[in-house]
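A.B. asks: Sequence and predicted structure below; questions after.
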Amino acid sequence: PITRECVAFARRPDAFAVAFGRTPARPRIAFSAPAGRHFYGHGVFSPDGRLLYTTENDFEKARGVIGVWDATANYRRVGEIPAHGIGPHDINLLRDGRTLVVANGGIITHPDYGRRPLNPADMQPVLSYVDRLQGDLVERHGLPRELSKLSIRHLDIAANDTVVFGCQFKGPRTEIVSLIGLHRRGQEIALLPADPSVQRALRQYVSSVAVDRDGEFAALNSSRGGAIVLVDIAKRTARISPSWPDVSGIAPAGHQGGFIATSGHGDIGLVAPASGQQRALGKTDWAWDNHLVSL
């Protein structure tokens, strides 16, 4: 947030990350998770840009941790705090600059077994709120037992610290469940009504979540379903935007308003949040992946 440096994490999963982009003269910095850990693909900086917090798997103890790195010292690891959940994936910071919110998918994995879930009958997806300075658990909110296979994966922060999150369902393919949830501290998790058309379009899989610059609308996409779903956060309603084959990235569009979307076929487009109307911005040779960040 201060230096405009970016960090990209290895996927599926892996243990290295690369920092880049502060100045053209500054070399790229590669750093790795310590032994017994791997990254889950997401991180967030402290408001002053000094510390980076990363979601990680302590795979021998089957627990989630948050790595703490000093970005001013070439990403030297300075500690870790509990994620207060299993399989922490996405992470963000509330407006107070101190409280981390973590999407714990609830799935135990180990590198020896690839991406295979090791606890399919006993998943425990939760949102955890963690004091980044002390590591203490502030709040922890789980899903009902009957939704234990609804893995919480991605999130973003809307107005008034409303957390918008998207899930990936690990249950029967024929079952229709809501994949989109909203939460504020001190309240219960609220899943949007499971509109059959929306859930069919998402195909039980949310790839990414983004909130627009005003914090009023959210966009969730499914690369598996080729779908973008737009959510009016105040009204708690969802609508489907026209489909994109392999739509992969979604991010707020800055001064233009709405969202930028990218696809695995190289497409880039602008999506209006209220109407869902789309405008093509161009086509590239890049096969865009699931996550997109706008600066």
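C.D. replies: Looks like it arrived, so ask away.

A.B. asks: so what's the backbone phi/psi at Pro111?
C.D. replies: Backbone torsions of Pro111, given as degrees, to the nearest 10, read phi -60, psi -30.

A.B. asks: How about the one 5 residues further on?
C.D. replies: When quoted as degrees, to the nearest 10, the phi and psi of Arg116 stand at phi -70, psi 130.

A.B. asks: From His291, how far off is the nearest residue to it once chain neighbours are set aside?
C.D. replies: Closest residue to Arg116 apart from its sequence neighbours, by Cβ to Cβ, 6 or more residues apart in numbering: Thr109 at 7.0 Å. C-beta: built from backbone N, CA, C; applies to glycine. Noted for Thr109: a distance of 19 Å to His291, by Cβ to Cβ, to the nearest Å.

A.B. asks: next one: Val177
C.D. replies: Taken as Cβ to Cβ, the span from Val177 to His291 is 23 Å.

A.B. asks: With neighbour numbers in mind, choose between the two.
C.D. replies: Taking neighbours as other Cβ atoms under 10 Å, Val177 and His291 compare with His291 leading, 20 against 16.

A.B. asks: Now do the helices in the stretch 151-295 of the chain.
C.D. replies: 196-202 (DSSP state H, counting those that start in this stretch).

A.B. asks: what's the average pLDDT for stretch 212-220?
C.D. replies: In this model, stretch 212-220 carries a mean pLDDT of 94.

A.B. asks: now swap in stretch 102-121 and tell me
C.D. replies: 90.

A.B. asks: now stretch 146-159
C.D. replies: 96.

A.B. asks: Could you do stretch 236-246 as well?
C.D. replies: The average of the pLDDT scores along stretch 236-246 is 91.

A.B. asks: what's the first-to-last distance across stretch 229-249?
C.D. replies: Terminal residues of stretch 229-249 lie 13 Å apart, using Cα to Cα, to the nearest Å.

A.B. asks: er, stretch 132-152 actually
C.D. replies: Using Cα to Cα, one end of stretch 132-152 lies 20 Å from the other.

A.B. asks: got the buried residues for it?
C.D. replies: 132, 135, 138-139, 141-143, 147-152 (16 or more other Cβ atoms under 10 Å).

A.B. asks: what distance separates it from the centre of its chain?
C.D. replies: Here stretch 132-152 is found 15 Å from its chain centre; the criterion is Cα atoms, centre = their mean, to the nearest Å.

A.B. asks: Check stretch 88-99 too.
C.D. replies: 11 Å.

A.B. asks: hmm, who's touching that stretch?
C.D. replies: Contact partners of stretch 88-99, identified using Cβ atoms under 8 Å, 6 or more residues apart in numbering, comprise 40-44, 46-47, 53-57, 64-66, 100-105, 128-133, 138, 152-157, 161, 163, 165, 185, 209.

A.B. asks: buried ones in stretch 179-193?
C.D. replies: Residues of stretch 179-193 classed as buried: 179-183, 189, 191-192 (neighbour count, 16+ other Cβ under 10 Å).

A.B. asks: should've said stretch 32-45
C.D. replies: 33, 37-45.

A.B. asks: quick revisit: now the contacts of stretch 88-99: which count as buried?
C.D. replies: Buried among the contacts of stretch 88-99 by 16+ other Cβ under 10 Å: 40-44, 46, 53-57, 64-66, 100-105, 128-130, 132, 138, 152-157, 161, 163, 165, 209.

A.B. asks: I'd like the list of those residues that fall within strands, please.
C.D. replies: Judged by DSSP state E, the buried ones among the contacts of stretch 88-99 include 40-44, 53-57, 64-66, 100-104, 128-130, 138, 152-157, 163, 165, 209 as members of strands.

A.B. asks: How about the residue most central in space within the chain: which residues does it bridge to?
C.D. replies: For the chain, His154 is the residue whose C-alpha lies nearest the centre (Cα atoms, centre = their mean; 2.9 Å). Going by DSSP bridges, His154 is paired in beta bridges with Gly166.

A.B. asks: Can you verify my assumption that it contacts Ala103?
C.D. replies: Yes: His154 is in contact with Ala103 according to Cβ atoms under 8 Å; the separation is 6.3 Å.
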